[in-house]
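**Student:** next come a sequence and a model predicted from it.
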Amino acid sequence: MPTQGPIDLYLPLDSSGSVPDLGRRRIKDPAIIDKLRIFPDWDGQWSGLGTGSVVCLNITSSLVPEIAALRSQSVRVIVHVGEPPKHFDQLLELIDHPGVDVIMTGAINHVLAHARVHRIETFFGEMRQLYSHFPDDLKPTADRPKAYCFDALLGTASRPPRSLIRSHLECSHPGRNIVRTYPRKYPYLFRDVTQEHYLWPPGVTWPGQEDRPFFAAAMVQYHGFPAMVCMIVPWNVYDQTAYSIVAETYTDNGWNFYTEKTAKPILARRLFVAFAGQYHLRNLRALGFQTFDGIIDESYDLEPDPDRRWRMALDQVDRLCQADQQEILSRVRSIADHNFHCLQATDWIEHTNDLLIDLALQ
């Protein structure tokens with residue numbers, strides 16, 4: 001690669017949330033502006049791309065011919081995976097080429113032969129940033145016994161295995177857990193979402209436009225601060241429940257996608273049982289977090305068959321519903337404190353910013 005002159009990094013039209021901040025980097029590296037030029041809102045035209053340029057692409061099914069064309073011009077490629085698309089496993093196999101770097105929100109449970117994989121955690125960073133404005137909110141829920149065992153804030157009930165979780169809790173432990181799902185009617189509108197479906201935390205106000213769609217990324221006001229509704233920790237629920245069920249967005253075994261669903265009980269210092277893809281807990285521990293094996297049996301995380309994994313996880317839910325809360329909560333405290341500090345100690349947004357810049361400069 002040429003060593004003279006700055007490297008050109010091209011970003012696609014829809015990458016506004018992933019544009020590296022050279023101003024932040026300049027504090028550590030005053031010469032960064034002479035090393036790297038960033039071209040946001042790149043229109044995808046190949047002409048003018050010099051040898052040694054770097055192009056960042058968002059993952060789509062049309063990437064394969066684009067990567068081949070770019071690599072033929074000795075252009076390096078960064079593939080950004082924000083939220084994995086359908087058939088992500090198959091797409092990953094098709095982009096496994098030399099000279100390709102994959103930046104993944106979460107963990108990939110495949111070994112790639114050629115492309116390099118780099119992990120980021122966007123949701124952890126966004127929640128950490130939101131609550132930097134409200135540090136007094138981040139107090140642990142009291143470790144005294146609660147009126148309810150679990151909260152299961154399941155959102156869209158049609159995603160597996162959420163209907164299974166709901167029916168199990170309602171049949172096996174009636175009245176002992178707080179269970180919520182969105183209205184059956186779709187699309188969800190703000191006027192259709194009541195306390196029966198979504199327990200609004202104190203401090204949340206929504207726009208008041210009843211015909212607006214309600215979804216996880218919908219913007220509301222939290223103590224006057226704009227925030228996505230999914231990012232707001234449900235303290236009013238956590239004050240009533242001892243433990244949380246995490247029903248992650250995706251449950252594929254090939255990769256683990258960590259959202260606010262995992263981040264919220266970590267910020268609130270709680271034990272949780274995860275309904276997610278295989279190795280969800282293992283790959284969380286790889287970031288320095290601790291999980292709750294020894295208090296419960298977390299071997300469900302290693303089970304490849306999803307139906308069996310759900311049943312094994314529900315066995316632990318049953319066990320906790322029958323256990324002495326005071327004894328369990330006292331054992332959870334040190335692990336929960338560790339996880340809270342682990343999430344807070346890492347600047348996840350800065351890590352992503354530096355990673356994009358470092359990959360471009362290589």
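**Tutor:** Thanks, I have the structure now.
**Student:** for the closest residue to residue 304 other than its chain neighbours, phi and psi?
**Tutor:** Nearest-residue entry for residue 304: residue 278, 5.5 Å, with adjacent residues in sequence omitted and distances by CB to CB, 6 or more residues apart in numbering. C-betas here are computed from N, CA, C, even on glycine. As for residue 278, its main-chain torsions (degrees, to the nearest 10) stand at phi -50, psi 140.
**Student:** distance of residue 278 from residue 316?
**Tutor:** Applying CB to CB, to the nearest Å, the value for residue 278 to residue 316 is 16 Å.
**Student:** can you map out the strands along the stretch 101-250 of the chain?
**Tutor:** 107-108, 116-120, 148-155, 178-181, 204-205, 219-222, 225-228, 241-247 (DSSP state E, counting those that start in this stretch).
**Student:** take those strands and write them to JSON lines, including mean pLDDT, mean neighbour count and distance to residue 330.
**Tutor:** Output for the strands of the stretch 101-250 of the chain, formatted as JSON lines (pLDDT from 0 to 100; neighbours: other CB atoms under 10 Å; distance: least, CB to CB, whole Å):
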{"stretch": "strand 107-108", "mean pLDDT": "96", "mean neighbour count": "21", "distance to residue 330": "31"}
{"stretch": "strand 116-120", "mean pLDDT": "96", "mean neighbour count": "18", "distance to residue 330": "33"}
{"stretch": "strand 148-155", "mean pLDDT": "97", "mean neighbour count": "22", "distance to residue 330": "16"}
{"stretch": "strand 178-181", "mean pLDDT": "96", "mean neighbour count": "20", "distance to residue 330": "22"}
{"stretch": "strand 204-205", "mean pLDDT": "90", "mean neighbour count": "14", "distance to residue 330": "32"}
{"stretch": "strand 219-222", "mean pLDDT": "92", "mean neighbour count": "17", "distance to residue 330": "32"}
{"stretch": "strand 225-228", "mean pLDDT": "93", "mean neighbour count": "14", "distance to residue 330": "33"}
{"stretch": "strand 241-247", "mean pLDDT": "98", "mean neighbour count": "25", "distance to residue 330": "12"}
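**Student:** so in the protein, which helix runs the longest?
**Tutor:** Longest helix of the chain, by residue count under DSSP state H: helix 325-345.
**Student:** got the angle for that one vs strand 148-155?
**Tutor:** Orientation note: helix 325-345 sits at an angle of 40 degrees relative to strand 148-155 (axes from the mean of the first three to the mean of the last three CA atoms, to 10 degrees).
**Student:** which residues touch the helix or strand just after helix 325-345?
**Tutor:** Later in the chain than helix 325-345, the nearest helix or strand by DSSP states H and E is helix 348-361. The set of residues external to helix 348-361 that reach it, using CB atoms under 8 Å, 6 or more residues apart in numbering, is 7, 9, 18, 20-22, 24-25, 32, 35-36, 54, 56, 78, 101, 103, 118, 120-122, 124-126, 128-129.
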